[in-house]
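S.K.: what follows is a predicted structure for the sequence shown.
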There are 2 protein chains.
Amino acid sequence: MANSADTADVSDTADSGAGSRAPDPKTRRRGAELEAAILDAAWAELSEHGYGRFTMEGVAARAGTSKPVLYRRWSSRAELALAAWDSRVPVDPDVPDTGSLRADLVALFERVARRTGVMVSEMIAGVMGDAFRHPEIVQVLRQRLMEPSSLTEAVGEVVSRAVARGELPPVRLPHRVARAPLDLVRNEFITCGGAVDSHVIGELVDEVYLPLLRGLDRDPSADPGTPSS
Amino acid sequence: MANSADTADVSDTADSGAGSRAPDPKTRRRGAELEAAILDAAWAELSEHGYGRFTMEGVAARAGTSKPVLYRRWSSRAELALAAWDSRVPVDPDVPDTGSLRADLVALFERVARRTGVMVSEMIAGVMGDAFRHPEIVQVLRQRLMEPSSLTEAVGEVVSRAVARGELPPVRLPHRVARAPLDLVRNEFITCGGAVDSHVIGELVDEVYLPLLRGLDRDPSADPGTPSS
DNA sequence: GCCCCTAAGATACGTTGCGTTTCTTATCCA
DNA sequence: TGGATAAGAAACGCAACGTATCTTAGGGGC
């Protein structure tokens, strides 16, 4: 699943441009195989057209199947989009360790910005827009946004290394703060649209996130000056 | 405009519940009068149904007019929604001055949370969702989100009073930080849905915004210890 | 190896809602 | 008072959602 995902991530999007959809008119796929093909197609449609032009017809055509097959699995457009997203969320790789807090943060933000994308933000917006009609979707979306995820752990890791290095005092890291990089990047996507380039990331880190970390309350449970190794 | 708006703000929403729309079948309104009636109706529809069920038909019916009249003024549903929003944005009142930074901030956040609303956040999402088809909308929305507004000024004011009181060192306040209260509240609406209650506001202030302010770089242009009065 | 039952695939349908077109008619202004 | 202007009404084309109906492939039980 993951490998086929990686393989197709953009190239699939590119090569199956317009005409050659139906991959194999002979055999009739079933179960997991079909489902994977549909999710691949859905992701490609999302990447190409964004959620605004993400249509069930388009996905069905691209996957070489038909709408009822989609609706037997997902009850709405929004659910299919979220499922496609799910199927492509990359496993978060290791936390960068550059030796300095700022560089670690920049690397982290850049990873978030790349992982999230214009498309994903637009999709969040679109799904939110559809959510009024399918209230059950809101739960799914919200959970996806709130889940602790490997990101918050990564932030914790980066911060504790900075503490160990003496770049920061021992701090208490509230969940909101650990989540903030994702929120900041998403907010940037929504309000500024285009790509979040490294200049913007620099501003986010220098103007907002580093000050925030430096201003956090000290952790009373840590011995000041003796960070645990 | 403003008074008729206030009058209708919720009560109109309530009383014109289902049947009695057309306010006056005799006279044919024109120009500004008609426009105001349409915007009132649009705002009421937005408040009642949210953007997801905000339809041109609904607005036209409620305003006692017809779709072409709407399209002669606004080129799309999204534009009408934004115009309705515009027509209701309250003039930001004065900055609270409670004597303490934290209380000032809580008051400010609460005002932002009340001014923004679930509806407005959902609307932002919905407009974003429509934006792919009407790219010109993105500009309008973005400008609305980015504009310095009285909020950033209010933040500046609150902060400089705190500096004068000695609660903060003289700090340089980047635009991103001044904008942050709005971003934080909006983000909260999007990710957590329901109302942003005072408990959440307390967390935002205590866990995020106060630490952020305390961690800001000092303003090199200010004499430390001698804040200008 | 045969048959049946599940589910895939195709087609067509009903519905909603956008944005448009056409036409009639009221109201303002010269 | 008459003509330009814009309101109001009705209907249309179109896209896309979500559904219903039907045929048929193919896997699994016997």
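M.R.: Yep, it's here. Numbers count the residues shown, from 1 in each chain, chains lettered A, B, ... in the order given.
S.K.: all helices for chain A, in order.
M.R.: Counting by DSSP state H, the segments of chain A that form helices are A:2-8, A:11-15, A:31-49, A:56-63, A:67-71, A:77-88, A:101-115, A:118-130, A:135-146, A:149-165, A:175-192, A:198-203, A:210-215.
S.K.: same for the longest one, what does it pack against?
M.R.: Using 3 or more CB pairs under 8 Å, 6 or more residues apart in numbering or on different chains; DSSP states H and E as the contact definition, the elements that helix A:31-49 packs against are helix A:2-8, helix A:11-15, helix A:56-63, helix A:67-71, helix A:77-88, helix A:118-130. Where C-beta positions appear, they are placed from N, C-alpha and C, glycine not excepted.
S.K.: apply 7 Å and report the result again.
M.R.: With contacts defined as 3 or more CB pairs under 7 Å, 6 or more residues apart in numbering or on different chains; DSSP states H and E, helix A:31-49 has these neighbours: helix A:2-8, helix A:11-15, helix A:56-63, helix A:77-88, helix A:118-130.
S.K.: what angle separates that helix from helix A:77-88?
M.R.: Counting by axes from the mean of the first three to the mean of the last three CA atoms, to 10 degrees, helix A:31-49 lies at 100 degrees to helix A:77-88.
S.K.: so what's A:Ala107 closest to, chain neighbours aside?
M.R.: Residue nearest to A:Ala107 in three dimensions, not counting chain neighbours: A:Pro96, with 3.8 Å by CB to CB, 6 or more residues apart in numbering or on different chains.
S.K.: ok, that neighbour touching A:Val106?
M.R.: No. Contact criterion CB atoms under 7 Å: A:Pro96 and A:Val106 do not qualify, at 8.8 Å.
S.K.: settle it for me: which of these two has more neighbours?
M.R.: Remark: of A:Pro96 and A:Val106, A:Val106 carries more neighbours, 20 against 17, as counted by other CB atoms under 10 Å in any protein chain shown.
S.K.: residues in contact with the more buried one?
M.R.: The contact partners of A:Val106, by CB atoms under 7 Å, 6 or more residues apart in numbering or on different chains, come to A:201-202, A:205.
S.K.: filter the residues you listed to the buried ones?
M.R.: A:201, A:205 (16 or more other CB atoms under 10 Å in any protein chain shown).
S.K.: for chain A, which spans come out with low pLDDT?
M.R.: A:1-26, A:89-93, A:116-121, A:132-133, A:147-149, A:192-194, A:220-229 (pLDDT under 70).
S.K.: flag every residue of it that's near chain B.
M.R.: By the rule CB under 7 Å from any CB of the partner chain, the part of chain A lying against chain B is A:50-53, A:122, A:125-126, A:128-133, A:138, A:142, A:145-146, A:174, A:176-177, A:183, A:187, A:190-193, A:203, A:207-208, A:211-217.
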